[in-house]
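> this one's sequence-less:
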């Protein structure tokens, strides 16, 4: 179990030195023992206040993190397990409203066991208040970055945590909707950890405490400094165009050709990763998603890696594009896949619906989206990430309605006619320009 810091100790860990300013909040009063007159509740609250020095289970204020001002919401687990009651809801609502009024991102530093039993359903309904404030903040185009401490369970995880745009977690933190005392007795405890949530695509990264301020500051800076557009990258591979359709296929499939990682490294000075589809899956081997800095401003990216993209990868890309659109950040997509994964497991995971999500996200985006085809452009699984009217190609790429081998098989042609079929499909970069499928060809800038 990681070291459990108090709310103010954790604020000191995250915020730039001497930058935290606590927000004022009116405190509602009760006649005795809270809204349900729960016997002993006043005494429990008084004991919690004496132990922690806090009046409630959250401390809210503004601070700079890595030079970017934000609203911080720090839970005090020592105050009745960081539970949410009506007074907690008052503070959370005030913090979100301050963020919207001053155009500040929101950073919940979550450590909670859930809703406060001594306030019954009135405590549980605070989750609706939190969800409403979070939704309004999202509509205002302000980012929300949650940090999951130990423990993050119950309604706090299901609203402030899982509802954030980006989710970071401390190593070994207990994270899950079910707290340790309400899980099935045979439940695998490893499933309720920060590491398990990242592996399942429900969180973006595990960050050691010593790196948290720097990491959080980088995220805040990137999500609040959008570029105006995402220029197409220069090609990194072969400078000459292919003579035939089959040559285009061979070159695009070559293991020597530059892949997404090389393009992202050349395009950005630094970047952070968005991981997971928030539906139980991730596809880090098939697609890379995140935000990067270019010339001091931020561009989002979704880059296929040359492998078949799985449903979780498409859903992650759709999440990334929708988030970038809300934050007014332009998007770069790199197309490079033989096609969408088409095995039985991919069908069970909803391949068609996942690809449809990406088509929809690209079609609905208001921010500029730029696409570069850097390798294989395999059918609809590649086209889903392509920006209509703003797609470019490299000399060592191709784009096709279907792989030449499959086209020949469907047409019942012998294997010897695969190369001729590739030519008939007109899949070379220069063919795509002539057909109006891509805007132009991005060449290597030279030595």
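That came through fine. Here the structure is a predicted model, which means the values were calculated and not measured.

> where do the helices sit along the stretch 1-150 of the chain?
Using DSSP state H, counting those that start in this stretch, the helices of the stretch 1-150 of the chain run over 7-14, 41-52, 86-102, 120-124, 126-139.

> quick test: name the residue nearest the centre of this protein.
residue 274 (3.8 Å; C-alpha atoms, centre = their mean).

> next up, the contacts around that one.
By C-beta atoms under 8 Å, 6 or more residues apart in numbering, the contact list for residue 274 reads 166, 204, 289-291, 316, 319-320, 323. No exception for glycine: its C-beta is placed from N, CA and C like everyone else's.

> so for stretch 49-68, mean pLDDT?
When pLDDT is averaged along stretch 49-68, the result is 97.

> now do the buried residues in that stretch.
Using 16 or more other C-beta atoms under 10 Å as the burial criterion, the residues of stretch 49-68 that qualify are 52, 54-66, 68.

> now, which of those lie within strands?
58-65, 68 (DSSP state E).

> could you dump those residues to CSV with distance to residue 15?
Output for those, formatted as CSV (distance: C-beta to C-beta, whole Å):
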residue, distance to residue 15
58, 15
59, 11
60, 13
61, 9
62, 9
63, 4
64, 7
65, 6
68, 11
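
> just give me the closest of the residues you listed to residue 116.
Distance to residue 116 across those (C-beta to C-beta) is lowest for residue 58, with 12.0 Å.

> give me the nearest residue to residue 419, chain neighbours excluded.
residue 246 (4.0 Å; C-beta to C-beta, 6 or more residues apart in numbering).

> how about residue 400?
According to C-beta to C-beta, 6+ apart, the nearest residue to residue 400 is residue 427 (4.3 Å).

> quick one: secondary structure of the one you found?
coil (DSSP: H, G, I helix; E, B strand; the rest coil).

> and the nearest residue to residue 308 once chain neighbours are set aside, how far from residue 290?
Once flanking residues are discounted, residue 308 sits nearest to residue 341: 4.3 Å by C-beta to C-beta, 6+ apart. In this structure, residue 341 and residue 290 are 21 Å apart, going by C-beta to C-beta, to the nearest Å.

> neighbour count: these two, which is higher?
Between residue 341 and residue 290, residue 341 has the larger neighbour count (other C-beta atoms under 10 Å), namely 23 against 20.

> hmm, the more buried one is touching residue 286, no?
Yes. The criterion here is C-beta atoms under 8 Å, and residue 341 meets it with residue 286 at 7.4 Å.

> follow-up on the earlier one: in strands, which of the contacts of residue 274 appear?
Using DSSP E, the contacts of residue 274 in strands are 166, 289-291.

> could you give the number of residues near residue 205?
Neighbours of residue 205 under the rule other C-beta under 10 Å: 17.

> show the pLDDT at the nearest residue to it once chain neighbours are set aside.
Nearest residue to residue 205, sequence neighbours excluded (C-beta to C-beta, 6+ apart): residue 168, at 5.5 Å. Note for residue 168: predicted pLDDT of 98.

> ok, now residue 2?
59.

> circling back: count the neighbours of the residue nearest to residue 400 for me.
27.

> can you list contacts of stretch 90-108?
Residues contacting stretch 90-108 (C-beta under 8 Å, 6+ apart): 14, 23, 25-28, 56, 58, 60, 62, 65, 68-73, 75, 84, 126, 129-130, 133-134, 136-137, 140, 142-147, 160-161, 164, 216, 220, 223-224.

> which of the residues you listed count as buried?
14, 23, 25, 56, 58, 60, 62, 65, 68-73, 75, 84, 126, 129-130, 133-134, 137, 142-147, 160-161, 164, 216, 220, 223-224.

> determine which two of the buried residues of stretch 49-68 are furthest apart.
Most distant of the buried residues of stretch 49-68, by C-beta to C-beta, are 55 and 66, 29.2 Å apart.

> thinking again about what came up before, how much space separates the residue nearest to residue 308 from residue 253?
17 Å.

> coming back round to it: including distance to residue 441, could the helices of the stretch 1-150 of the chain go into CSV?
Shown next, in CSV, are these (distance: least, C-beta to C-beta, whole Å):
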stretch, distance to residue 441
helix 7-14, 47
helix 41-52, 63
helix 86-102, 45
helix 120-124, 58
helix 126-139, 39
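
> and the nearest residue to residue 136 once chain neighbours are set aside, how many residues sit next to it?
The shortest distance from residue 136 to any residue other than its chain neighbours is 6.6 Å, reached at residue 100 (C-beta to C-beta, 6+ apart). Neighbour count of residue 100, defined by other C-beta under 10 Å: 17.

> right, and residue 229 touches residue 390 too?
No. Residue 229 is beyond contact range of residue 390, at 9.6 Å (criterion: C-beta under 8 Å).

> what do these two both touch?
Joint contacts of residue 229 and residue 390 (C-beta under 8 Å, 6+ apart) are 368, 370.

> run through the residues that contact residue 6.
Neighbour list for residue 6: 52, 76, 78 [criterion: C-beta under 8 Å, 6+ apart].

> want to throw these into TSV with distance to residue 365?
As requested, these are arranged in TSV below (distance: C-beta to C-beta, whole Å):
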residue	distance to residue 365
52	45
76	40
78	44
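
> which of the residues you listed sits closest to residue 297?
residue 76 (37.1 Å).

> ok, the residue lying closest to the closest one once chain neighbours are set aside - contacts?
Leaving aside its sequence neighbours, residue 76 sits nearest to residue 7 (C-beta to C-beta, 6+ apart; 3.9 Å). Contact analysis of residue 7 by C-beta under 8 Å, 6+ apart lists 52, 54, 58-59, 74-76, 109, 111.

> ok, 6 Å please
59, 74, 76 (C-beta atoms under 6 Å, 6 or more residues apart in numbering).

> again with residue 220
65, 68, 70, 105.

> try 7 Å this time
65-66, 68, 70, 105, 145 (C-beta atoms under 7 Å, 6 or more residues apart in numbering).

> and if you look at residue 282?
201, 275-276, 312, 316.

> checking it next. Helix, strand or coil?
coil.

> and the contacts of stretch 11-30?
5, 55, 59-65, 72, 74, 86-87, 90-91, 94-95, 98, 109, 209, 212-213, 216.

> can you map out the strands along the stretch 101-250 of the chain?
Secondary structure of the stretch 101-250 of the chain (DSSP state E, counting those that start in this stretch): strands at 106-112, 145-153, 166-169, 175-176, 205-206.

> re the thing from before, next, work out how far apart the residue nearest to residue 76 and residue 186 are.
In terms of C-beta to C-beta, residue 7 sits 34 Å off from residue 186.

> how about residue 378, phi and psi?
phi -90, psi 90 (degrees, to the nearest 10).

> quick one, helices of the stretch 151-300 of the chain?
Under DSSP H, counting those that start in this stretch, the stretch 151-300 of the chain gives helices at 154-156, 194-199, 209-223, 245-253, 260-267.
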